[in-house]
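Chemist: Okay, predicted coordinates and the sequence, questions at the end:
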Amino acid sequence: MEIILNDKTYVMPRVKTRMLRRAIEINENTDFNNLKTKDLDGLVDFVVELYGNKFGRDDFYDGLDADKLIDTLNSSINGIVGNLGKKLNEFPNK
């Protein structure tokens, strides 16, 4: 996955299991219909970490068009969780 901030493209490195766990935790504990600024900061910090800290929170806020915020957060967080679901569905039942 990749993100474009201020016309610069960042590619997400391979995701470690700890980040997958945190993504699941975020999905469980965040009310996406009633986001507070601290929640948004936490989500952005998570995305920054997902991309290997190659940019900072301010770079994200200042470099991403507002209309792309929800799609970017969704694809970053649910993208790695969704990949786990696909892999689990491929796992043979015994």
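Modeler: Yep, it's here.

Chemist: end-to-end on stretch 46-63?
Modeler: 16 Å (Cα to Cα, to the nearest Å).

Chemist: May I see the buried residues of that stretch?
Modeler: 46, 47, 48, 50, 51, 55, 59, 60, 63 (16 or more other Cβ atoms under 10 Å). The way it works is simple: take the backbone N, C-alpha and C, and place the C-beta from them, glycine included.

Chemist: So the third one, which state does it fall into?
Modeler: It stands for residue 48. Secondary structure, DSSP: H, G, I helix; E, B strand; the rest coil: residue 48 is helix.

Chemist: Hmm, residue 57 and it touching each other?
Modeler: Yes: contact criterion Cβ atoms under 8 Å: residue 48 and residue 57 qualify, at 5.9 Å.

Chemist: Could you list the low-pLDDT ranges of this protein?
Modeler: Residue ranges of the chain with pLDDT under 70: 83-94.

Chemist: Am I right that residue 32 is in a helix?
Modeler: No: per three-state DSSP, residue 32 lies outside any helix segment and is coil.

Chemist: burial measure for it, as a count.
Modeler: By other Cβ atoms under 10 Å, the residues close to residue 32 number 13.

Chemist: any idea how far residue 49 is from it?
Modeler: Noted for residue 32: a distance of 19 Å to residue 49, by Cβ to Cβ, to the nearest Å.

Chemist: For residue 19, state which of the buried residues of stretch 46-63 is nearest.
Modeler: Of all the buried residues of stretch 46-63, residue 19 sits closest to residue 50, with 6.1 Å by Cβ to Cβ.

Chemist: quick one: the closest one from residue 67, how far?
Modeler: Applying Cβ to Cβ to residue 50 and residue 67 gives a distance of 21 Å.

Chemist: wait, doesn't residue 22 sit right on residue 47?
Modeler: No: applying Cβ under 8 Å, one finds residue 22 not in contact with residue 47, separated by 11.1 Å.
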